[in-house]
Structure formats: structure tokens, C-alpha cells
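S.K.: okay, sequence plus prediction incoming.
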Amino acid sequence: MFRIIIVLTAVFYSQALYCQSYPTLDNILKLIWVDTLSTKDYRDAPIIKNGVLFHHINQDYGFEVTSGKRIPFTNEIKEYTSDSLLFFDSKNEAKIVNVFTGYDVLNVKKRNGGYIGYRSPSMISDSLVYIPVNDMKIIAYNVFTGSQVFEKELDSPIYTKPIVYKNNVVFAEKMSIQVINGVTGEDVWSFNLNGKILSNLEMDGDDIYFWVKGDGVKSLSLKYYNLNWSFNEVSTEMRSYSIIIDTARIYFNSGKVYALNKNNGDVVWETENNCGVNGTFLSIQKKFLFFYENCDNQQNILTAIDISNGVKKYQGFTSNTYPPKPGLGIHFFDMVEMRLVKEDTADYLIGVFDDKIYGFKLMK
């Protein structure tokens, strides 16, 4: 009798908690591993390269995605990746680490050097790296010698992490996109915006995609230096937004989730606006797109939709597999908002909350 009561309670809460009655996430997600991180900084977001997850500037190891095994920055990591240089660019410090040895290749102190959105490390292969040492100055360093190549004074505070396109460097100031020569620092091109930049610059081939406050989502050509398209039919009230790009589409959320043709900005599909959608985190894994939805009875419920058509399939954890916490009626994962790793890891969804990292296996 006691077991029957627990099951009925879980079913009751799963129906009352979410926007509608959808199958819960235990149908597709199984928690495989959990570990503790060296930081609780909510602005740090991990990346995954070649099956290894990298997270924070103070960690001298990565995580094997499939098992959560810690892989120290030694020769052991060569079994997973041939890339050796990992670039961390945090608010007060930037450094490049050789993950095969654990030694710092370059270390630069910064002042007020944060960017909009979330900070993720990156693997680099170029000989030059570009670091905003404060809000108004970028310095180019030679990765292998540590010497300064040039410094560039800016007219406006930098808002996004610089990205490299061929021989140029691209970044956003508050109200413009700037392109400079990657060797000399000379100005190449500038594109003025009709509002404040609200996202990182996401590059795909010759194009970049980004949000502008009050002016929607835009695509610029770095090859031809022009505007490809603009999608203005969205609300832009949050401070930062997430954009994901695949072979044919871009995905983003603002009140609801959109899929656009990345070549022309046409709407492929959009979700029903039953509840508000959190504009911060998106993750594509297999055939699902994961995001957080805000419902009347509960904020930030993890939701999975079919990536082919935007139809909602699964929502929330509270179930027999993920039983509610005693006295609360809902599971722990339905009370938190994890920072989801955007990269497609095929069979795994990775999330970070507080100082914990969680690895879920997709069961179908």
C-alpha cells in the first residue's frame, strides 16, 4: 500500500507541475554520473571536445563524457584528443594550458574583461590569440613565445569574446560588430547595430549569427561584409540569449523556441507558446532539443522537443525513476536550472548546477 501511495503522488505532481501532461524525462534520460567542480561560478559553462569535457580555468583535468572519469592534463589525455592547447578566458585572467603536460603556455591578467553570456574554454590551433585585457583594449599575443604582437584601443567596451575568421578578428562592441586585421590590428569593417548586442557571436562558415535588443536575430556575411538577413518577430528583453547552429538551421528561444533556415532566416517551425521559455540555455542531443520552460506552478522545467518539427515530447523529472523529495512533492532536478552543454554529444546530456556536474545518457 505504501508503494502505491508514492506512485500516485508522483503522478499527481507530474501532471500539476508542468504546462500540460507530457511523458516525463525518465523515459529518455538516465543519470549516469555526478562529480564536484572546483568552482560555483554561474558564468562558467563547459565545452566538449572529442569526448572530453573541459570546464574551468582552475581545473587541471577533463571529464570523460561517457563515464565522468577524471582525465588529468597529462599524456593520458592524448588517448582522446590530438589538440593540445586549451584557451581559458575568464573575467580576471586568460591563460592557455597544454593539456598534454598541464603547464601554462600563456597567462595574462585582465581587468573588467567579462563578456555577455557564458564563458566557455576553447581549443586553439592558431599561433596568435586575442585577449581583451580590459573593456577598451585588445592585445594580440604569440601563443608560443608569449610576446605581444599588437594592441588595439577600442572606441566602445567590448561585449563578446573575439573570434577568428581567416586572417581577421571579429567581436562586438555595445552597438556594433567590428572586424580587425589579425596581424596588424587595423580596422577592416564595422557594422552598426540598432540596439545593444545580447548574445555571443556564433560563427558558421563565412557567417555569424547574433541577437540585438529590440531588433531580433541577425546573420552577417564575413566574406562579403553585408547583412544576410534579419528576423525581427521575437521578443528581446533578456540580457543574453543562446543560439545553436546545425547543418541547415539555427535554433533559439525567446518566449518560444524557433528553428530558422540559416541561409535566409525563414521560419521552419516554432513551438506553441503555452508557457514562457527561458532564453538562456539550449542543447541539441540526438533528435531532441532541450530547454527550460516556465510554467504557472513552477519555473524552469527541463523540456525536450522533437528537433524536426518542434513538437513537445517530454517534460520534467518527477516520476517513479526520479521520485520527489520528501515534503516537497517534486524531484531535485525540477527545482534547479542546469547550464546545459550546447555541443551535440549524441548519446549524452551534460548539465552543471552550483558546484556539481551531471551526466545523463539518452536512452532513445
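M.R.: Yep, it's here.
S.K.: are we agreed that F88 is in a strand?
M.R.: Yes. Counting by DSSP: H, G, I helix; E, B strand; the rest coil, F88 is part of a strand.
S.K.: shouldn't it be in contact with V105?
M.R.: No. Applying CB atoms under 8 Å as the test, F88 and V105 come out as separate, 11.2 Å apart. For glycine as for every other residue, the C-beta is placed from the backbone atoms N, C-alpha and C.
S.K.: between those two, which has more neighbouring residues?
M.R.: For F88 versus V105, neighbours defined as other CB atoms under 10 Å are more numerous around F88 (22 against 19).
S.K.: quick one: residues contacting the more buried one.
M.R.: H56, I57, A94, K95, I96, V97, P121 (CB atoms under 8 Å, 6 or more residues apart in numbering).
S.K.: ok, 10 Å please
M.R.: 44, 54-59, 94-97, 104, 107, 119-122 (CB atoms under 10 Å, 6 or more residues apart in numbering).
S.K.: need the overlap of contacts for F88 and V105.
M.R.: Residues touching both F88 and V105 (CB under 10 Å, 6+ apart) are K95, I96, V97.
S.K.: burial check on S125, number of neighbours?
M.R.: 9.
S.K.: go on, the one 3 residues further on?
M.R.: For L128, the tally of surrounding residues (other CB under 10 Å) stands at 16.
S.K.: give me the pLDDT for it.
M.R.: Per-residue confidence (pLDDT) for L128: 95.
S.K.: what ranges in the stretch 51-200 of the chain fall below the confidence cut-off?
M.R.: 112-114, 117 (pLDDT under 70).
S.K.: ignore the last one, the stretch 251-364 of the chain
M.R.: Filtered on pLDDT under 70, the stretch 251-364 of the chain yields the residue ranges 273-280, 296-298.
S.K.: which of the shared contacts of F88 and V105 sits closest to I32?
M.R.: Closest approach between the shared contacts of F88 and V105 and I32, by CB to CB: V97, at 26.9 Å.
S.K.: how far away is the closest one from K110?
M.R.: Taking CB to CB, to the nearest Å as the criterion, V97 is separated from K110 by 16 Å.
S.K.: who has more neighbours, these two?
M.R.: Each of V97 and K110 has its neighbours counted (other CB under 10 Å); V97 has more, 23 against 19.
S.K.: contact partners for that one?
M.R.: Contacts of V97 by CB under 10 Å, 6+ apart are 54, 57, 59-60, 73, 84-88, 103-107, 121.
S.K.: E153 touches V133, doesn't it?
M.R.: No. Using CB atoms under 10 Å, E153 is not in contact with V133, being 11.0 Å away.
S.K.: settle it for me: which of these two has more neighbours?
M.R.: Per other CB under 10 Å, whichever of E153 and V133 has more neighbours is V133, with 16 against 8.
S.K.: report the beta-bridge partners for the closest residue to G62 other than its chain neighbours.
M.R.: Leaving out its chain neighbours, the residue that sits closest to G62 by CB to CB, 6 or more residues apart in numbering is V52, at 4.2 Å. Here V52 sits in beta bridges with K49, E64, as judged by DSSP bridges.
S.K.: now S219
M.R.: Note on S219: beta-bridge partners by DSSP bridges are Y209, W229.
S.K.: contacting residues around it?
M.R.: Going by CB under 10 Å, 6+ apart, S219 touches 202, 204, 207-210, 227-231, 250, 260, 262-265.
S.K.: would you show me how to pick out the buried ones of those residues in ChimeraX?
M.R.: For the buried members of the contacts of S219, the matching ChimeraX selection, counting by 16 or more other CB atoms under 10 Å, is:
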select :202,207,208,209,210,228,229,231,250,260,262,265
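S.K.: distance of T39 relative to G102?
M.R.: Using CB to CB, we find T39 at a distance of 18 Å from G102.
S.K.: the more surrounded of the two?
M.R.: Between T39 and G102, counting by other CB under 10 Å, T39 is the more crowded of the two (16 against 13).
S.K.: do I have it right that the more buried one meets A45?
M.R.: No. Using CB under 10 Å as the test, T39 is too far from A45 to be in contact (11.6 Å).
S.K.: which neighbours do those two share?
M.R.: Applying CB under 10 Å, 6+ apart, one finds that T39 and A45 are jointly contacted by H55, H56, V352.
S.K.: circling back: mind checking which of the contacts of F88 land in helices?
M.R.: If you go by DSSP state H, the contacts of F88 have nothing in helices.
S.K.: buried subset of these, written for PyMOL?
M.R.: In PyMOL, a selection of the buried entries from those looks like this (16+ other CB under 10 Å):
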select buried, resi 44+54+55+56+57+59+94+95+96+97+119+120+121
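S.K.: okay, and which of the contacts of F88 map to strands?
M.R.: Judged by DSSP state E, the contacts of F88 include F54, A94, K95, I96, V97, D104, N107, S122 as members of strands.
S.K.: tell me the one of the residues you listed nearest A346?
M.R.: F54 (18.0 Å).
S.K.: L282: what's it in contact with?
M.R.: Neighbouring residues of L282 by CB under 10 Å, 6+ apart: 241-244, 251-253, 257, 289-292, 340, 342.
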